[in-house]
Structures are given as C-alpha cells and as structure tokens.
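Q: can't give you the sequence, but here's the structure:
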C-alpha cells in the first residue's frame, strides 16, 4: 500500500501543475476573469467595467447570438402607434372675414355681369342702359362661372370653431391638419371635416367581467376620466377611439385582479392604480390621455353570487362566534383569578373545573347569539 502511494505522489509531482478542468460548455464563448483582480491589497477597489457575455450560436442549429444579462424590469410595453408619422399639426385656415369678402365679391360679380347683359333693370340713364345691353355671350358666361366659383368658394368654406371642439381636416385621403381655433373661420371647402370633442370627459362603463385574486368571477363597473390629446391619431389611427378605449378597459380588467370592497380600500385603490397604468399605456397609441380608471361597483357574477354570499355569511358568523368565545374565556379567567387571589374561595382541581364550566355556560347564555 505504501509503495502504491509513493508512486502516485511521484507521478503527480513529475507532471507539474494539475491539469485544468475540462470546459463544460464547448460551443459557447465565455469571458475569463484574471485571478489578480479578485485578490487585491488596495483598500479601494478599482472599478472594472463589465460587459454582458455574448453566447455564441450552436453549430448547425441556426441559433443567433444572444446577450446573457439581467432581465429588464417586468412591465407592460405600450402599444406602438399604427403610423409614427401621424401626429397632430395645425391646419392652414383664414379668418372668416376673408371668406365673407370673397363670397360678396362673387355675388357682386354675378350682379354686374347680369346688368351688363341687360338682364337687370337699369336705374341710370336709358343711353347708358342701351350701351350696356350687349346680351349673354361667351364672355358673360365666363364671368358668371368665375364669379360663381368665387362666391361658392368664399361662402362654402365658412365654418364656426367652438371651445372644446376641434376639426380634423382631410384632403383627398391625406391628413390636412387640425383646427382648434374658435370663432368664424374659413377652411378649404374641398377638405373633409370631422368634428372631435377634445374636452375632459368621463365614461361610466356597463357591467364588465373581471376576477379576484382567487379566480372568482366578478362583475365590475368602472369610471374612466379621459380626453383626446392627439386628434390625428384618435380619428385616423383607429376606426372608433371610444370603442378602442372600451376594449382597453376590458383587457385591463382581464389582467388585473379586483377585490371586493369588504377586502379594504387599499386593495380597491391598488386595483384602480394598476388599471389606470395599463389603460393609459394602451390608449396613448391612439392619442387618448387617460387620467384615472376607478372601480365604482364590484359584485359577484350571477353564476357564483349565491354561493359566495353564503360563504361570506358563514365566514362572518364564524368570526363573530370566535370573538364571542374569546370574550367569554377572558371573562371566566378574570372571574376565577379574582376569586382565588383574594382568598374568597379555596378550590381544588375538580371544583375549579366545575366553576369554570358553570361560568362559561352562564356567560354564553347571557350573550346574544350571532345572527339574532
């Protein structure tokens, strides 16, 4: 045995340093840290920038290189807008006086052309009227067309801007800008106008399906306070932004557990904050600004309402009975302690048990029963 041991030790000494352990990961590139960086005598460590290790792809698998690092914070990424270039911008409009002036000029041109053609009675001298009566020819028809087009263009573009309302303009299928000005305005009559309410609005939803932390089906009514911030995305980025907001609220209720009001106001407030964050992130893609989403009524779904009501009543009854039993035990203990400490009675174990039993029965009978 000794000979074998000596031979083994001699072979290890002759080999020099022990062999390095075999790398377990053959197909991945790893970064080695020098040993002298791990054990330093300096009191202040030198900051060494660390980069995430790049794991190479495995041969023959087609896998792309990936970064190995700490995962980012968990959260819900906002929905990107359908068209990033679709952003609200002011439209080119003129004051309403310009449209009125153009329309008046068009009407005046039509009247002057009719008078020159002799279609209107003359209030001047007959000689002037005869010289002006040239009839309706090509020149008069051209004048009628120009004056009529000017009048239609002037009066047809007049519109009225109201406070809290905006016009979204579109020209031949392209976004032409948004009008938020108030008063009498002139807008290109060839543009298509869509009125949008930009005031602060609130929407009380109908009863929507939801669930609590245990998966029990609930019906929730929420109050949403919101407004349109980007009219271009709200009107052109989605078919109906109000329907989209309703669907965002339904999707958020499916992801956030809502507790019954008896669970505490803190749970309801936490659910409202979570709903607000999710709905605001989803609705921002279509230009909607959501300020709050609060549950205003929470109730059990019809299919589980009766069972959960009986369960709640049973839990309340058990809790009340537990409180009553605790109060009776405390009263019996206090009574027996006072009797024995003051030396009013001298009881052995049997008499003490009998007294405790009688006092417990007396206190229980004298207290009102739960649910009575």
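A: Nice, I can see it. All values derive from a computational prediction rather than experimental measurement.

Q: Only C-alpha atoms from now on, for both contacts and neighbour counts.
A: Fine.

Q: which residues sit in contact with residue 202?
A: Contact analysis of residue 202 by CA atoms under 8 Å, 6 or more residues apart in numbering lists 223-226.

Q: In this structure, which residue is most central in space?
A: residue 279 (1.7 Å; CA atoms, centre = their mean).

Q: looking at it, residue 283 is touching residue 289, isn't it?
A: Yes: here residue 283 reaches residue 289: they are 6.9 Å apart, a contact under CA atoms under 8 Å.

Q: Between those two, tell me which one has more neighbours.
A: residue 283 (26 against 20; other CA atoms under 10 Å).

Q: Tell me the pLDDT of the nearest residue to the more buried one once chain neighbours are set aside.
A: In space, not counting the residues next to it along the chain, residue 283 is nearest to residue 245; the distance is 6.5 Å by CA to CA, 6 or more residues apart in numbering. In the predicted model, residue 245 carries a pLDDT score of 95.

Q: from what I can see residue 245 touches residue 281, true?
A: No: here residue 245 does not reach residue 281: they are 11.1 Å apart, not a contact under CA under 8 Å.

Q: now, which of the contacts of residue 202 sits nearest residue 187?
A: residue 226 (28.7 Å; CA to CA).

Q: is it true that the closest one lies in a helix?
A: No: looking at residue 226 with DSSP: H, G, I helix; E, B strand; the rest coil, it is strand, so not inside a helix.

Q: residues contacting it?
A: Residues in contact with residue 226 (CA under 8 Å, 6+ apart) are 200-202, 288-292.

Q: from those, which would you call buried?
A: For the contacts of residue 226, a burial check counting by 16 or more other CA atoms under 10 Å picks out 288-290, 292.

Q: so which pair among those is furthest apart in space?
A: 288 and 292 (12.2 Å).

Q: List the buried residues in the helix or strand containing residue 170.
A: Taking DSSP states H and E as the definition, residue 170 sits inside strand 165-171. Neighbour counts over strand 165-171 (16+ other CA under 10 Å) mark 166-170 as buried.

Q: again, but for stretch 110-117
A: Neighbour count says stretch 110-117 has 110-117 buried, by 16+ other CA under 10 Å.

Q: Isn't residue 252 up against residue 275?
A: Yes: between residue 252 and residue 275 there is a contact at 5.9 Å, judged by CA under 8 Å.

Q: Who has more neighbours out of the two?
A: Per other CA under 10 Å, whichever of residue 252 and residue 275 has more neighbours is residue 275, with 28 against 18.

Q: List the contacts of the more buried one.
A: Residue 275 sits in contact with 249, 252-253, 256, 293-294, where contact means CA under 8 Å, 6+ apart.

Q: Please report how far it lies from residue 249.
A: Counting by CA to CA, to the nearest Å, the separation of residue 275 from residue 249 is 8 Å.

Q: for residue 162, same thing?
A: 30 Å.

Q: The two: which is more packed in?
A: When neighbours are counted by other CA under 10 Å, residue 162 and residue 249 differ, and residue 249 comes out ahead with 23 against 14.
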